[in-house]
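Chemist: Sequence and predicted structure, then a few things I'm wondering about:
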Amino acid sequence: MSSSVSSTGLGYTILASLMFGLIPWYVQWLNPLDGSLLFWNRILFSSVTALASLLLLRKFQLFQQLLKQPENMLWLAAGTILVGFQWWLFVWAPINDLTTELSLGYFLLPLTLVLTGRIAYGEKLRPLQLAGTALAATGVAHEIYQFGSLSWVPVAIAAGYPLYFLIRRKVKVNSLACFMFENLLLLPFAIFAIATDENFFQALSANNDLYYLLPGLGVLCTLAMLIYVAASKALPVSLFGLLSYLEPAIIFMVAIFILKEPLPSSQWVTYGFIWLATAIICIDSIRIVRKPAVA
């Protein structure tokens, strides 16, 4: 039974990572829409897809229960601001040739989550975690030394998501119901932004493919999230954390080999430190996963 669950969780994780990793390539087909319009369309069609998922899975009552919890809704409203910005960035960056910076942010995120656990909850860092964090900091320091600063894109991801996760830990709500709530909060703004943008309707007239590509973006993002959540429930936490590095790796490969984004030679040093830190954290995670099996 355990082997079956692990195989299912592994398959879900790989599939979700592939779906998330291919979104930067997918949005290239949605030109000439800008990143903000893509984001608002994502919210619109993700809301529809999330509602359909709740109804098909017969979990709409979970969303209704959430609406009866004012304190949880206040926390989730604050979290929506944080995660909404991340959703916007995920489609805005590829359109603006910043996919490599996007991948760097997601490589750094697990490391900043380790630090968040230490600062917010007093979690003790293992030696390899400390080593990985130090190497990541060295990579960031090299980037600042070379260019005078670190691109705001990876900083926004690595610093913003931990704050969102801290809020989510306070709220014990079904993930799909929470996703629906977050999208619904942003939906009025999405409808207004789309309805008042003349360029959007001109783009629709000029490119009929947008009629199915835009809904496809919302469906792709929502299904990737649902599969990712399913994977998190089917795998040990440590193994799931280890496999979370698949997504930024795929995003980076899409940026370099498909989107042909340039990567200055000096940045290879930065990425080298980050990847080495990632490898060390992965090794540490493998050790944790293997301990119960050895026992």
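Modeler: That came in fine, so what should we check first?
Chemist: Let's test this: mean pLDDT of stretch 15-22, rounded?
Modeler: Here stretch 15-22 scores 91 as its mean pLDDT.
Chemist: Any buried residues in that stretch, and which?
Modeler: Under the neighbour-count criterion of 16 or more other Cβ atoms under 10 Å, stretch 15-22 has 15-17, 19-22 buried. From N, CA and C alone the C-beta is placed, and that goes for glycine too.
Chemist: now those in a markdown table, with distance to L115 and secondary structure?
Modeler: Formatted as a markdown table, the buried residues of stretch 15-22 follow (distance: Cβ to Cβ, whole Å; DSSP: H, G, I helix; E, B strand; the rest coil):
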| residue | distance to L115 | secondary structure |
| --- | --- | --- |
| L15 | 30 | helix |
| A16 | 25 | helix |
| S17 | 23 | helix |
| M19 | 28 | helix |
| F20 | 23 | helix |
| G21 | 25 | helix |
| L22 | 30 | helix |
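Chemist: give me the low-pLDDT residue ranges for the chain?
Modeler: Counting by pLDDT under 70, the chain shows low-confidence ranges at 1-6, 236-242, 285, 288-295.
Chemist: closest to A203 among the buried residues of stretch 15-22?
Modeler: L22 (22.2 Å; Cβ to Cβ).
Chemist: quick one: contacts for that closest one?
Modeler: Residues in contact with L22 (Cβ atoms under 8 Å, 6 or more residues apart in numbering) are 250, 254.
Chemist: Same question for the one 5 residues further on.
Modeler: Residues counted as contacts of V27 (Cβ under 8 Å, 6+ apart) are 38, 91, 94-95, 217.
Chemist: Take the buried residues of stretch 15-22 and lay them out in JSON lines including distance to A249.
Modeler: Formatted as JSON lines, these follow (distance: Cβ to Cβ, whole Å):
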{"residue": "L15", "distance to A249": "15"}
{"residue": "A16", "distance to A249": "14"}
{"residue": "S17", "distance to A249": "8"}
{"residue": "M19", "distance to A249": "14"}
{"residue": "F20", "distance to A249": "11"}
{"residue": "G21", "distance to A249": "8"}
{"residue": "L22", "distance to A249": "13"}
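Chemist: What residues does S244 make contact with?
Modeler: Neighbouring residues of S244 by Cβ under 8 Å, 6+ apart: 17, 110.
Chemist: quick one, phi psi at it?
Modeler: phi -70, psi -10 (degrees, to the nearest 10).
Chemist: so how far is I14 from it?
Modeler: Distance, S244 to I14, by Cβ to Cβ, to the nearest Å: 12 Å.
Chemist: swap in T278?
Modeler: With Cβ to Cβ as the criterion, T278 and I14 are 17 Å apart.
Chemist: More neighbours: those two, which one.
Modeler: A side-by-side neighbour count of T278 and I14, using other Cβ atoms under 10 Å, places T278 first with 22 against 15.
Chemist: wait, doesn't the more buried one sit right on L108?
Modeler: No. At 9.1 Å, T278 does not count as touching L108 under the criterion of Cβ atoms under 8 Å.
Chemist: what about the residue nearest to V83 when sequence neighbours are not counted, helix or strand, and which?
Modeler: Of all residues not flanking V83 in the chain, Y164 sits nearest, at 5.1 Å (Cβ to Cβ, 6 or more residues apart in numbering). Taking DSSP states H and E as the criterion, Y164 maps to helix 152-170.
Chemist: And that helix, what's buried?
Modeler: 153-158, 160-165, 167-168.
Chemist: Then stretch 92-111?
Modeler: 92-95, 98-111.
Chemist: Repeat that for stretch 188-199.
Modeler: Counting neighbours by 16+ other Cβ under 10 Å, stretch 188-199 gives 190, 193-194, 197 as buried.
Chemist: chain center to it: distance?
Modeler: The chain centroid and the centroid of stretch 188-199 are separated by 25 Å, computed with Cα atoms, centre = their mean, to the nearest Å.
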